[in-house]
Each structure stands twice: as structure tokens, then as C-alpha cells.
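Undergrad: Build me a structure from this.
(one chain, ligands or ions: 2)
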Amino acid sequence: MYKISKVEILADKIYLMDVVAPRIAKHCEPGQFIIAKVDEYGERVPLTICDYNREAGTITIVFQTLGASTIKMATLKEGDAFSDFVGPLGCASEFVTEDLEELKKKKILFVAGGVGTAPVYPQVKWMKDHGIDVDVVIGAKTKDMVILEEELKSVAGNLYITTDDGSYGRTGMVTKVIEDLVKEEGKHYDTCVAIGPMIMMKFVCLLTKDLGIHTIVSMNPIMVDGTGMCGACRLSIGNEIKFACVDGPEFDGHLVNFDEAMKRQAMYKTVEGKKLLKQIEGDTHHGGCGVCGGDE
Ligand code: NAD
Ligand code: FES
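TA: Numbering: from 1, shown residues only. Ligands and ions are numbered 1, 2, ... in the order given. Next up is the predicted model:
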């Protein structure tokens with residue numbers, strides 16, 4: 001059992017929990033995810049790690065209540081426990097293994113959309129810990145939905161907040177801020193890391209392609225079982241077939257076929273859709289052995 005040592009409500013339907021999981025806390029890196037299960041009957045919920053404390057042996061997760069499993073997760077209190085908490089899973093962010101001196105020469109922009117602010121935090125914190133100041137944009141629908149502002153302020157070089165309705169910070173979506181920073185405010189970026197809803201990542205990528213900024217995205221939103229077996233997170237990256245949970249979750253955003261991924265995500269929700277995808281995609285439907293029928 002994995003005890004919950006802290007629970008905080010960050011915004012409407014958005015929860016933060018610290019979970020005691022020393023082995024994961026010891027080995028995880030920014031970009032990786034865990035799978036949580038409330039009890040033996042609960043669904044597997046893959047969540048990108050929001051923070052880790054190697055000394056205290058805790059992992060911080062942030063989730064939004066979207067379906068039955070996350071609603072059940074939200075009923076857990078401090079002192080309760082998850083029956084399963086598995087990780088670290090997936091590949092760490094690319095920069096973790098990059099030459100530090102080369103990385104220090106780069107101008108990096110992080111773009112966090114809504115709940116996607118949570119996985120951005122450990123990456124920016126890692127940068128700060130390694131002496132790298134980065135710019136961060138947080139976008140949210142409205143003031144009350146901005147999360148982790150203080151935490152990001154303490155680790156970012158510059159923090160820009162924008163709300164769709166203009167109730168806090170700048171007005172407009174994250175793409176407007178990126179455009180303003182580059183075109184109006186003379187900023188130059190070599191790399192952009194964009195994490196948020198699929199539609200946000202798609203439009204950030206269209207813009208950064210135009211601006212010539214290499215862009216990394218996190219495809220966590222399309223994951224279901226998180227083990228390469230269910231086929232939910234199958235993606236076209238350039239001419240290659242990849243699986244977000246085993247090959248990612250982070251990819252070169254300019255190579256991601258977002259339209260296909262979003263269409264697949266919608267189809268995957270129905271039994272008929274799943275069957276059709278399996279028929280069309282054949283052996284490449286799963287990320288695991290490819291023929292095991294893991295989604296049945
Ligand atoms: P949201 O809908 O409130 O959007 C957040 C921000 O994204 C907006 O304020 C806006 O600035 C930007 N955005 C949205 N649509 C845009 C568009 N068409 N063009 C440009 N910018 C746009 O976000 P939310 O409700 O917090 O998001 C929940 C989603 O985030 C879920 O679908 C979840 O799967 C996803 N999520 C993704 C990750 C990840 O790793 N990529 C992690 C956690 C959550
Ligand atoms: Fe099921 Fe990746 S989430 S194959």
C-alpha cells in the first residue's frame with residue numbers, strides 16, 4: 001500500500017497528492033510517469049510526476065477528476081493509501097541526458113496549459129537546480145484555474161501568466177503570448193517544451209514550426225493502461241509508429257500527427273471504435289508484443 005501524506009485542492013476538480021513511494025522517488029526523472037490504482041478493482045491511471053522528494057521518499061501527483069477512477073481518487077484523504085503505485089515509467093525528458101554545457105547555451109521556453117502545468121514544474125525545477133534560467137508561460141481558462149504559480153515563480157527565470165478571459169495576467173491563449181514574446185518583445189528561443197491539452201500542443205507546434213523553434217510535447221493525454229499493451233497511445237511520429245507510454249511520453253512536436261492522435265483518441269472510447277482500429281492497424285495496434293490482444 002502507498003500512503004498519501006498530503007492532499008491539497010489546487011482548483012475546481014484539480015487535486016494534488018503526496019504519496020510515499022521511496023523507490024520511485026529515488027529513481028525518477030522529470031518527464032516520467034507513474035500508474036496509480038485506488039484499489040484492486042480500480043482502473044490504472046497514468047499520471048506524469050509533478051514533483052519528487054528523494055529524501056522524504058515522496059512523489060507528488062496532480063490530477064483532474066474526469067471519470068469514475070479519478071473521482072474515486074479524489075475521495076482519498078491524508079493517511080489513506082493507493083493499492084498500487086508503479087513507476088517510474090516512460091522515458092525521462094531528453095535534456096536530462098544532454099551535455100550540460102551545451103544545454104546552458106540554449107534559450108528554452110516552457111509552455112504549460114491548465115493541468116499540464118503540473119508536469120512542467122519538475123522540468124523547470126531541474127533546470128533551476130542545474131543553473132539554467134528558463135522562461136515559462138502558464139495558460140489557464142480563468143484566474144481560479146491557474147495552478148502552481150508560486151512554485152513555478154520560485155524556479156523560473158521569467159514567468160508569464162495568461163488567462164483566456166483576461167481575469168489574471170495577460171489576456172488570450174498561450175499561443176498569443178509566444179507570438180508576443182517573439183515578435184513584439186524581442187525574445188529568441190532555441191527550444192520550446194509545451195505540455196497541456198492536445199489542442200493546445202497542436203496549435204503551439206503549428207506556431208513554433210513557423211517561428212523555427214524546436215518543440216517537445218508530452219503525449220500523456222492519450223495514454224490508458226500505460227504499459228504498451230492496450231494500443232490506446234499509438235501515434236505517428238513522422239513516418240514511424242510509436243507508443244506514448246513506452247517510447248515517450250515526450251516527442252518532437254513537429255513530427256506528431258495531432259489530428260490522427262485526436263481522432264484515434266475519440267475512436268478508442270467505444271468498443272466498436274477499438275475493434276475498427278485493431279482491424280485497420282493489425283500487428284502494429286499494440287506497443288507490447290503486438291499480437292497478444294492486450295485490450296480484450
Ligand atoms: P484548458 O482547456 O483550460 O487549456 C489550458 C490552456 O491551453 C488555455 O488556457 C490556453 O492558453 C491553451 N489552449 C487551449 N486550447 C488552445 C488552442 N486551441 N490554441 C492555443 N492554446 C490553447 O486546459 P485544461 O482543462 O486544464 O486541460 C485539461 C487537459 O490537459 C486534459 O485533456 C488533459 O489530458 C491534459 N493534460 C495534458 C498533460 C500532458 O502531459 N500533455 C498533462 C496533464 C493534463
Ligand atoms: Fe496503452 Fe500505451 S497506454 S499502449
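
Undergrad: Nearest to ligand 1 within this protein, name that residue for me.
TA: In the chain, no residue comes nearer to ligand 1 than residue 114, which is 1.9 Å away by C-beta to the nearest ligand atom. Placement of C-beta: from N, CA and C, glycine included.

Undergrad: Does ligand 2 have contacts with the worst-scoring helix or strand of the chain on mean pLDDT?
TA: Every helix and strand of the chain was ranked by mean pLDDT, DSSP states H and E. The lowest is helix 271-281, at a mean of 72. No. Shown here: helix 271-281 not in contact with ligand 2 (C-beta under 6 Å from any ligand atom), separated by at least 11.4 Å.

Undergrad: Apart from its neighbours in sequence, what residue is nearest residue 139?
TA: In space, residue 139 comes closest to residue 174 once its chain neighbours are excluded; the distance is 3.7 Å by C-beta to C-beta, 6 or more residues apart in numbering.

Undergrad: do you know how far the one you found is from residue 52?
TA: Applying C-beta to C-beta, to the nearest Å, the value for residue 174 to residue 52 is 26 Å.

Undergrad: coming back round to it: find me the pLDDT at the residue nearest to residue 139, would you?
TA: Residue 174 is assigned 98 on the pLDDT scale.

Undergrad: Now it, what are its backbone angles?
TA: phi -60, psi -30 (degrees, to the nearest 10).

Undergrad: my read: it touches residue 204, true?
TA: Yes. In this structure residue 174 lies within contact range of residue 204 using C-beta atoms under 8 Å: 6.5 Å.

Undergrad: Now for those two: what residues contact both?
TA: Each of 111, 194 lies in contact with both residue 174 and residue 204 under the rule C-beta atoms under 8 Å, 6 or more residues apart in numbering.

Undergrad: List the buried residues in the least confident helix or strand of the chain.
TA: 274, 277 (16 or more other C-beta atoms under 10 Å).

Undergrad: Pull the number of nearby residues for residue 19.
TA: If you count neighbours by other C-beta atoms under 10 Å, residue 19 ends up with 22.

Undergrad: show me what contacts it?
TA: By C-beta under 8 Å, 6+ apart, the contact list for residue 19 reads 2-5, 36, 58-61, 82, 85.

Undergrad: quick one: which of those residues is most hemmed in?
TA: Highest neighbour count within those: residue 36, with 28 neighbours (other C-beta under 10 Å).

Undergrad: and the gap between that residue and residue 2?
TA: Distance, residue 36 to residue 2, by C-beta to C-beta: 8 Å.

Undergrad: Give the residues shared as contacts by those two.
TA: Contacts common to residue 36 and residue 2, judged by C-beta under 8 Å, 6+ apart, are 19, 82, 84-85.

Undergrad: Could you identify the most distant pair in those?
TA: 19 and 84 (11.0 Å; C-beta to C-beta).
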